[in-house]
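# Need the 3D shape of this:
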Amino acid sequence: MKKVYIFLSSGISPAAFYLAHYRESRNEGDLVICADGGYRIARGLGLFPDLVIGDLDSLERDKVEGEVLKYPAEKDFSDFELALLKAGEFLPDSVIVYGALGGRKDHEITNILVLAFSLIPLVFIEEEVEIFNVIHTLRLEGKKGSICSLLPFGGPCFVEEVRGFRYPLRQEELLPSSRGLSNIILENEAQVSIKRGNLVVVVVKKG
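Residues are numbered from 1 along each chain as shown. Next comes the predicted model:
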């Protein structure tokens, strides 16, 4: 499966966590894209990105190595969304994002909105939480015992099946409300399937 990794400049996890996850999950041919200040994080970990994208406002004093796509500071998209649009051109099976949470709250909320409405399978990876969108079916492996919330965005979401959870669902409409909060994953292989709508799945890793 081809993956694209996106490094952002925020993040709530130690840099060593991102590096360990990257090394464990990457395959030959996977790509690394840095959105602006995410370049500094990636280089600090010894990684050489395939592409750096954004307005580069936080990198003016750095010498940026590799291919650069520079945009004006006044633009209609965030650096993350620009990086995601570029990632989509490579037709990846999934996109893994480091550093999407933390920092300015408006940026953090916007990042989650972008994830919710993306047509590419996305996951925000942090040490204590993972956030996924659902493109028809999401399989969750090795997360038994974790708290998991199912959050519709932009309107109702028709759920085909939620399997391997304490509170299963089947053929049911889930509204944007608190109903999907704090389910528990009971199986090592759980699954969430939807027929229509936009669903964000938040997995709080067990301690």
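
# Direction included, what does the lowest-mean-pLDDT helix or strand in the chain pair against?
Least confident helix or strand of the chain, by mean pLDDT, DSSP states H and E, is strand 67-70 with a mean of 86. Partners of strand 67-70 in the sheet, by DSSP bridges, are strand 51-54 (parallel).

# What lies in contact with the strand it pairs with?
The contact list for strand 51-54 (C-beta atoms under 8 Å, 6 or more residues apart in numbering) reads 31-36, 39, 59, 64, 66-71, 79, 82-83, 86. C-betas here are computed from N, CA, C, even on glycine.

# How about stretch 101-113?
Counting by C-beta under 8 Å, 6+ apart, 8-12, 78, 80, 97, 100, 124, 126, 129, 131, 153, 200 sit against stretch 101-113.

# Out of those residues, list just those in strands.
97, 124, 129, 131, 153, 200 (DSSP state E).

# mind listing what the third one touches?
Going back to what we said before, that points to V129. 101, 202-205.

# which residues of this structure score low on pLDDT?
Counting by pLDDT under 70, the ranges of the chain that qualify are 58-62, 207.

# residue ranges for the helices of the chain, please.
15-25, 38-44, 79-88, 105-117 (DSSP state H).

# In JSON lines: these, plus distance to E173.
Formatted as JSON lines, those follow (distance: least, C-beta to C-beta, whole Å):
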{"stretch": "helix 15-25", "distance to E173": "34"}
{"stretch": "helix 38-44", "distance to E173": "37"}
{"stretch": "helix 79-88", "distance to E173": "28"}
{"stretch": "helix 105-117", "distance to E173": "17"}
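
# ok, D57 - contacts?
36, 73.

# how close does it get to A100?
Distance of D57 to A100, computed by C-beta to C-beta, to the nearest Å: 18 Å.

# How is this structure partitioned into domains?
For the chain, automatic domain parsing gives the domain ranges 3-127, 137-204.

# Quote the end-to-end distance of the first one.
Read it as domain 3-127. Terminal residues of domain 3-127 are spaced 20 Å apart (C-alpha to C-alpha, to the nearest Å).

# That one: how far from the chain's middle?
Centroid separation between domain 3-127 and its chain, computed with C-alpha atoms, centre = their mean, to the nearest Å, is 10 Å.

# Identify the residue spatially nearest to E189, adjacent ones excluded.
With C-beta to C-beta, 6 or more residues apart in numbering as the criterion, E189 has its nearest non-adjacent residue at 5.6 Å, and that residue is E141.

# Check whether that neighbour really touches Q191, as I assumed.
No: E141 is beyond contact range of Q191, at 9.6 Å (criterion: C-beta atoms under 8 Å).

# of those two, who's got more company?
Taking neighbours as other C-beta atoms under 10 Å, E141 and Q191 compare with Q191 leading, 16 against 11.

# F165 is in contact with the more buried one, correct?
No: with contact defined as C-beta under 8 Å, Q191 does not reach F165; the gap is 9.1 Å.

# check contacts around the nearest residue to L150 once chain neighbours are set aside.
Nearest residue to L150, sequence neighbours excluded (C-beta to C-beta, 6+ apart): G180, at 3.6 Å. The contact partners of G180, by C-beta under 8 Å, 6+ apart, come to 149-152, 174.
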